[in-house]
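Participant: I would like the atomic coordinates for the input below:
(one chain, ligands or ions: 1)
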Amino acid sequence: MKKCLIVGGGLAGLSAAVSLTKQNCHVQILEASPKFGGRAYSFIDEKSGDEIDNGQHLMLGCYYETLEFINCIGVTNLFNSQNKLEINFVTRNKIKHQLKATNLPYPLGLFFGLLNYEALSITDKIKIILLVTKLSFIDSEMYLNISVNEWLKGENQSRNCIKSFWEIIAIGALNSQIKDASAKMFIDILKVIFLNGSDASAMIIPKVGLSKAFVDPAVNFLVAHKSELSLSEKLQEISVTQNQATSVMTDKRIIIDFDAVILAIPSYALNKINKNNLIIENNRTDLTTSGILTLHLWLKQNNLKKPFYAFIDSPLHWVFNHGNFITTVTSSADDLIDRSKEELFSIVTTELQEYLNIKREDISDYQIIKEKRATFIPNKENLLKRPSAKTKLENVFLAGDWTNTGLPATIEGAIKSGNTAADKVQKYFSSF
Ligand SMILES: Cc1cc2nc3c(=O)[nH]c(=O)nc-3n(C[C@H](O)[C@H](O)[C@H](O)COP(=O)(O)OP(=O)(O)OC[C@H]3O[C@@H](n4cnc5c(N)ncnc54)[C@H](O)[C@@H]3O)c2cc1C
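Facilitator: Model prediction:
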């Protein structure tokens with residue numbers, strides 16, 4: 001049986017491992033931290049006993065490889081899936097506007113949903129529908145050099161169209177400001193979301209914490225298939241003979257019994273072991289990133305009716321309702337993330353009061369989580385740097401949300417990259 005060593009136990013590494021295991025390959029995973037899951041994990045809040053995520057994760061019906069992954073590890077029942085798109089938007093003066101696709105056949109259901117969305121004037125709604133209709137004819141490559149904001153303005157989208165619709169999708173999906181992200185990436189994901197039937201734009205939310213939803217079941221699957229899993233073990237160096245990795249040195253041992261290696265680690269971690277451009281050109285590993293700020297807040301009494309809300313024109317982008325507690329999400333949070341705990345709590349409570357009438361005295365406790373390097377920014381420079389799964393070494397392959405998946409840095413991108421790297425490994429094995 002061929003053996004593949006996978007470095008990095010985030011979703012990319014875990015999906016590569018599950019995919020290879022299914023193809024009868026022996027897998028060994030090395031993970032530097034004391035837990036699997038990488039940037040998608042949950043833990044128990046000691047005071048409340050609630051399981052909370054390092055950051056709320058939202059998925060979409062077009063996360064096809066993710067849906068296959070959760071089906072394979074047997075946890076589809078741990079996710080709440082909308083039948084079709086439904087988002088409850090809120091304005092600063094507490095007005096709620098629902099965007100809900102109707103039951104009409106696709107794409108009419110989506111367009112009538114937009115026509116019923118009251119945050120926009122009829123002219124704005126028609127402009128959005130026209131742009132969605134035009135998407136399939138747009139060659140995204142032509143828009144690499146321009147920002148999402150420039151593209152939307154060039155497409156005659158008003159300030160209100162941008163603020164009350166496009167910006168909310170863009171910041172959430174790209175974790176970047178619309179002035180920074182390339183329109184190419186945005187157009188590519190809009191095509192996936194809006195041109196693939198009504199299921200594609202439906203929202204999917206885990207019913208349990210991320211570790212219970214993704215990580216533990218994947219680990220259980222791998223253990224049941226006799227994979228070797230090692231935590232708190234960091235790859236430090238790769239030794240190469242004749243264009244092949246022959247041994248790897250970790251902070252604990254030297255490993256030589258493998259036929260192929262998948263490096264499923266973030267770009268900045270690869271940078272450290274990519275000495276003298278050994279694996280890929282060094283200038284492809286220095287992608288710039290942006291942060292995500294999460295506050296979990298426990299309410300004395302929770303009167304929220306919906307599972308989540310999108311805030312129009314606020315530093316808080318989403319609020320998720322978990323019953324016992326609520327979670328606020330600020331994507332592309334670099335301007336806020338270094339502020340003090342007190343300042344952040346004050347900003348968040350002001351917004352919660354203005355949008356949802358949740359007052360400071362309604363909050364019994366809170367916890368702040370800062371993920372400073374949450375995802376890479378999909379600007380032109382970074383998009384051109386993203387490497388493919390193949391490296392300079394014949395038996396070493398890359399995975400990770402930052403590799404060239406054609407998607408932004410998301411769960412779907414990470415899982416897709418893991419599957420792609422696993423396929424490359426299989427192809428390599430079958431070549432001899
Ligand atoms: C707060 C937050 C919110 C998010 N929200 C969403 C969302 O709503 N929807 C969505 O789709 N995506 C979201 N994402 C993005 C998603 O979490 C990531 O795209 C995905 O988890 C990345 O997985 P990965 O395996 O590529 O990388 P990682 O999760 O970073 O995994 C890499 C692993 O490699 C390990 N490692 C690094 N160096 C070494 C070494 N030398 N040796 C061994 N191991 C090493 C690391 O410890 C880590 O566990 C969010 C991310 C964050 C941080």
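Participant: every contact and neighbour count from this point should use C-alpha atoms.
Facilitator: Fine.
Participant: where's the residue lying closest to Ser147 once chain neighbours are set aside relative to Glu141, distance?
Facilitator: Nearest residue to Ser147, sequence neighbours excluded (Cα to Cα, 6 or more residues apart in numbering): Ser182, at 4.5 Å. Distance, Ser182 to Glu141, by Cα to Cα, to the nearest Å: 10 Å.
Participant: flag every residue of the stretch 1-150 of the chain that's near the ligand.
Facilitator: 7-13, 30-33, 36-40, 54-59 (Cα under 6 Å from any ligand atom).
Participant: how about the contacts made by the residue nearest to Ser147?
Facilitator: Ser182 is in contact with Tyr143, Leu144, Asn145, Ile146, Ser147, Val148, Pro378, Asn379, Lys380, counting by Cα atoms under 8 Å, 6 or more residues apart in numbering.
Participant: where does Asn282 land on pLDDT?
Facilitator: In this model, Asn282 is scored at 83, pLDDT.
Participant: give me the phi and psi angles of it.
Facilitator: Torsion angles at Asn282 (phi, psi; degrees, to the nearest 10) stand at phi -60, psi -30.
Participant: any idea how far Ile189 is from it?
Facilitator: Taken as Cα to Cα, the span from Asn282 to Ile189 is 28 Å.
Participant: same check on Asn156?
Facilitator: In terms of Cα to Cα, Asn156 sits 20 Å off from Ile189.
Participant: same question for Gln23.
Facilitator: From Gln23 to Ile189 the distance is 30 Å (Cα to Cα).
Participant: show me which of the two is the more surrounded one.
Facilitator: The neighbour comparison of Gln23 against Ile189 (other Cα atoms under 10 Å) goes to Ile189, with 19 against 12.
Participant: and the closest residue in space to that one that isn't next to it in sequence, which of the three is it?
Facilitator: Sequence neighbours aside, Leu407 is the residue nearest to Ile189 in space, at 6.9 Å (criterion: Cα to Cα, 6+ apart). Here Leu407 takes the coil state, with states given by DSSP: H, G, I helix; E, B strand; the rest coil.
Participant: list the contacts of Asp401.
Facilitator: Ala12, Pro266, Pro408, Ala409, Thr410, Ile411, Gly413, Ala414, Ile415, Ser417.
Participant: name the SS class of it, please.
Facilitator: coil.
Participant: torsion angles phi and psi at it?
Facilitator: phi -60, psi -20.
Participant: roughly how far apart are it and Gly13?
Facilitator: 10 Å.
Participant: next up, the contacts around Gly8.
Facilitator: Ile29, Leu30, Glu31, Ala32, Gly38, Leu263, Ala264, Ile265.
Participant: same thing but 10 Å
Facilitator: By Cα atoms under 10 Å, 6 or more residues apart in numbering, the contact list for Gly8 reads 14, 29-33, 36-38, 231, 233-235, 262-266, 269, 399-400.
Participant: for it, phi and psi?
Facilitator: Torsion angles, degrees, to the nearest 10, at Gly8: phi 110, psi 120.
Participant: do Lys3 as well
Facilitator: Dihedral angles (degrees, to the nearest 10) for Lys3: phi -120, psi 130.
Participant: now swap in the one 4 residues further on and tell me
Facilitator: As for Val7, its main-chain torsions (degrees, to the nearest 10) stand at phi -110, psi 120.
Participant: so what pLDDT did it get?
Facilitator: pLDDT at Val7 comes out at 98.
Participant: who are the neighbours in contact with it?
Facilitator: Applying Cα under 10 Å, 6+ apart, the residues contacting Val7 are 13-14, 28-32, 230, 233-235, 261-265, 398-399.
Participant: coming back round to it: buried subset of the residues of the stretch 1-150 of the chain next to the ligand as a ChimeraX selection?
Facilitator: Buried members of these, defined by 16 or more other Cα atoms under 10 Å, are picked up in ChimeraX with:
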select :7,8,9,10,11,12,13,30,31,32,36,37,38,39,40,54,55,56,57,59
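Participant: separation between the residue nearest to Ser147 and Lys305?
Facilitator: Distance from Ser182 to Lys305, by Cα to Cα: 36 Å.
Participant: Leu85 too?
Facilitator: Taking Cα to Cα, one finds Leu85 at 17 Å from Lys305.
Participant: so the two - more neighbours on which side?
Facilitator: Each of Leu85 and Lys305 has its neighbours counted (other Cα under 10 Å); Leu85 has more, 22 against 9.
Participant: and that one, its phi and psi?
Facilitator: phi -50, psi 130.
Participant: in the stretch 51-200 of the chain, which spans are helices?
Facilitator: 64-72, 108-115, 122-134, 148-154, 159-161, 167-174, 183-194 (DSSP state H, counting those that start in this stretch).
Participant: include mean pLDDT when you put those into JSON lines, please.
Facilitator: Output for the helices of the stretch 51-200 of the chain, formatted as JSON lines (pLDDT from 0 to 100):
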{"stretch": "helix 64-72", "mean pLDDT": "98"}
{"stretch": "helix 108-115", "mean pLDDT": "96"}
{"stretch": "helix 122-134", "mean pLDDT": "97"}
{"stretch": "helix 148-154", "mean pLDDT": "98"}
{"stretch": "helix 159-161", "mean pLDDT": "96"}
{"stretch": "helix 167-174", "mean pLDDT": "96"}
{"stretch": "helix 183-194", "mean pLDDT": "98"}
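Participant: quick check: which of those is nearest to Asp362?
Facilitator: Nearest to Asp362 among those is helix 167-174; the distance by Cα to Cα comes to 27.0 Å.
Participant: residue ranges with poor pLDDT in the protein?
Facilitator: Counting by pLDDT under 70, the chain shows no low-confidence range.
Participant: quick one, what contacts whatever residue is furthest in space from the centre of the chain?
Facilitator: When distances are taken from the C-alpha mean of the chain, Gln242 lies farthest, 36.9 Å away, according to Cα atoms, centre = their mean. Going by Cα under 10 Å, 6+ apart, Gln242 touches Leu393, Glu394.
Participant: cool, Ile6 as well?
Facilitator: 12-14, 16-17, 27-31, 229, 258, 260-265, 396-399, 418, 422.
Participant: cutoff 7 Å now
Facilitator: Applying Cα atoms under 7 Å, 6 or more residues apart in numbering, we find Ile6 in contact with Gly13, Gln28, Ile29, Leu30, Val261, Ile262, Leu263, Ala264.
Participant: bridging residues for the fifth one?
Facilitator: According to DSSP bridges, the residues that bridge with Val261 are Leu5, Val396.
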